[in-house]
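Peer 1: sequence first, predicted coordinates after that:
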Amino acid sequence: MSSSEDTLSDLQELTRSERRAGFVERGNRLYQAPTITSPYPLPVDTPENERLTILHNVLTELRANTFGPVADVLSPQEGQSKSVVDLACGIGEWVMEMAREYPHVTFHGLDVVSIATREPEANVYFEIHDIGDQTRFSDASVDLVHARSVFMTVRDYNVVVQEAARILKPGGLFLSGEWGPFVSFTPDVPEIEGENPDVHVPGLYRFYQAIRTACKDKLGIVTEGIFTIKPVWSRIPEWLESTGAFKDITPHHLYVPIGDWSPDPTYNRLGNFNRTAMVKFIESARDFLLSSGMTEAEFEDMYTQATVEINHNRTGIPGVRSIYYMVEARKT
Ligand SMILES: C[S@@+](CC[C@H](N)C(=O)[O-])C[C@H]1O[C@@H](n2cnc3c(N)ncnc32)[C@H](O)[C@@H]1O
């Protein structure tokens, strides 16, 4: 194979029953079918997609959906076709926005279930693929690989790193974005600087602890170093480094308030959205946590405590925020 387009013609439109076969209903939520081997534990239904849309919009406003030399890497070049692969693309908002911005580039969104729009832009292809397996793209054929919020989709994130290293062209760009699986306090609110989430937001703290434990014990996801508060950076840069296939590995991070406590009008508004996303996240994780050993009573107690914290004095607890980690790296 010589280009990423070579196997595109092998793809077939899913039939209605094939699309349906990708899902199973539990409680009143939809999950990936048990035939799918991905460890992913969260629902793939409308309420969960609403949460992901909120987060997508927050990141768009913070200009965190693209970073690094994207414009440079995707700029038109005589005699060269350009392509982008989005791993675990979900409903495909990132892909669709990028496809409108870069109409000369071909975008491929991969996910284990068929939740992306069936009427994409002309330069977009959505396909069913488990990113735990090698993709159909040939070596050194892709200009940009994007992977956002994919942590629970594979047991070992190195699979993602290795595949990006294989399919990226020399000079190609890898972009990763992951929400830190814990809450932190902002240093911008001096009176609570250095405060511990376990003391001041015990409900949220308990929730994230439970998620981390369940990821490790139930799903067998490698969590060491990723799901810890320190060091500040996750291990993604280290793993990229260890392949020897990347250069200019640059981590960034940003904070988003949980609640509308921020004096900054933008962060105040985004914090309000993030509050909604946070409640939806806890609700989406219900089945996962119950099936990992938490009792109904423990879940309800944690949920009540976390929502009280999120809505404390209508604003949420001042200073409490989520952290979003980004990494950019160029293929050597
Ligand atoms: C948290 S969502 C992130 C979606 C999107 N990247 C975003 O940022 O909005 C995780 C997505 O990964 C998909 N997924 C789970 N396991 C997968 C796998 N092994 N391969 C491909 N997609 C997977 C799920 O169906 C879901 O759409």
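Peer 2: That came through, no problem.
Peer 1: the helix or strand encompassing residue 281 near the ligand anywhere?
Peer 2: According to DSSP states H and E, residue 281 maps onto helix 265-284. No. For helix 265-284 and the ligand, the contact criterion (C-beta under 6 Å from any ligand atom) is not met; the two come no nearer than 9.3 Å. All C-beta spots, glycine's among them, are computed from the backbone N, C-alpha and C.
Peer 1: dump that helix to CSV, keeping only the CA atoms.
Peer 2: C-alpha atoms of helix 265-284 as CSV (Å, rounded to 0.1, in the frame of the first residue of the first chain):
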residue,chain,number,x,y,z
PRO,A,265,-16.5,36.0,32.9
THR,A,266,-15.3,33.4,30.3
TYR,A,267,-14.2,30.9,32.9
ASN,A,268,-17.3,31.6,34.9
ARG,A,269,-19.5,30.6,31.9
LEU,A,270,-17.3,27.6,31.0
GLY,A,271,-17.3,26.5,34.7
ASN,A,272,-21.1,26.5,34.5
PHE,A,273,-20.9,24.2,31.5
ASN,A,274,-18.3,22.0,33.1
ARG,A,275,-20.5,21.7,36.2
THR,A,276,-23.2,20.2,34.0
ALA,A,277,-20.7,17.9,32.3
MET,A,278,-19.4,16.8,35.7
VAL,A,279,-22.9,15.7,36.9
LYS,A,280,-23.5,13.9,33.6
PHE,A,281,-20.1,12.1,34.0
ILE,A,282,-21.0,10.8,37.5
GLU,A,283,-24.4,9.6,36.1
SER,A,284,-22.7,8.0,33.1
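Peer 1: which strands or helices does it pack on?
Peer 2: Contacts defined by 3 or more C-beta pairs under 8 Å, 6 or more residues apart in numbering; DSSP states H and E place helix 265-284 against helix 46-61, strand 246-257, helix 296-310, strand 320-331.
Peer 1: so which of these is nearest the ligand?
Peer 2: Smallest distance to the ligand across the helices and strands packed on helix 265-284 (C-beta to the nearest ligand atom): 3.9 Å, for helix 46-61.
Peer 1: what angle separates the closest one from helix 265-284?
Peer 2: Helix 46-61 runs at 160 degrees relative to helix 265-284, counting by axes from the mean of the first three to the mean of the last three C-alpha atoms, to 10 degrees.
Peer 1: quick check: next helix or strand after helix 46-61?
Peer 2: helix 70-74.
Peer 1: list the buried residues of that following helix.
Peer 2: Neighbour counts using 16 or more other C-beta atoms under 10 Å place 70, 73-74 of helix 70-74 among the buried residues.
Peer 1: hmm, residue 217 is touching residue 292, no?
Peer 2: Yes. Using C-beta atoms under 8 Å, residue 217 is in contact with residue 292, at 6.9 Å.
Peer 1: when these two are compared, which one has more neighbours?
Peer 2: The neighbour comparison of residue 217 against residue 292 (other C-beta atoms under 10 Å) goes to residue 292, with 18 against 12.
Peer 1: state the pLDDT value of that one.
Peer 2: Turning to residue 292, the model gives it a pLDDT of 95.
Peer 1: that one sits in which helix or strand?
Peer 2: Remark: residue 292 resides in no helix or strand, with elements defined by DSSP H and E.
Peer 1: now do the same contact list for the closest residue to it other than its chain neighbours.
Peer 2: Leaving aside its sequence neighbours, residue 292 sits nearest to residue 214 (C-beta to C-beta, 6 or more residues apart in numbering; 3.7 Å). By C-beta atoms under 8 Å, 6 or more residues apart in numbering, the contact list for residue 214 reads 41, 288-289, 292-293.
Peer 1: nearest residue to the middle of the protein?
Peer 2: The centroid of the chain falls nearest to residue 149 when counting by C-alpha atoms, centre = their mean (1.0 Å).
Peer 1: right, and residue 24 touches residue 33 too?
Peer 2: Yes. Using C-beta under 8 Å, residue 24 makes contact with residue 33 at a distance of 4.8 Å.
Peer 1: quick check, pLDDT for residue 184.
Peer 2: 75.
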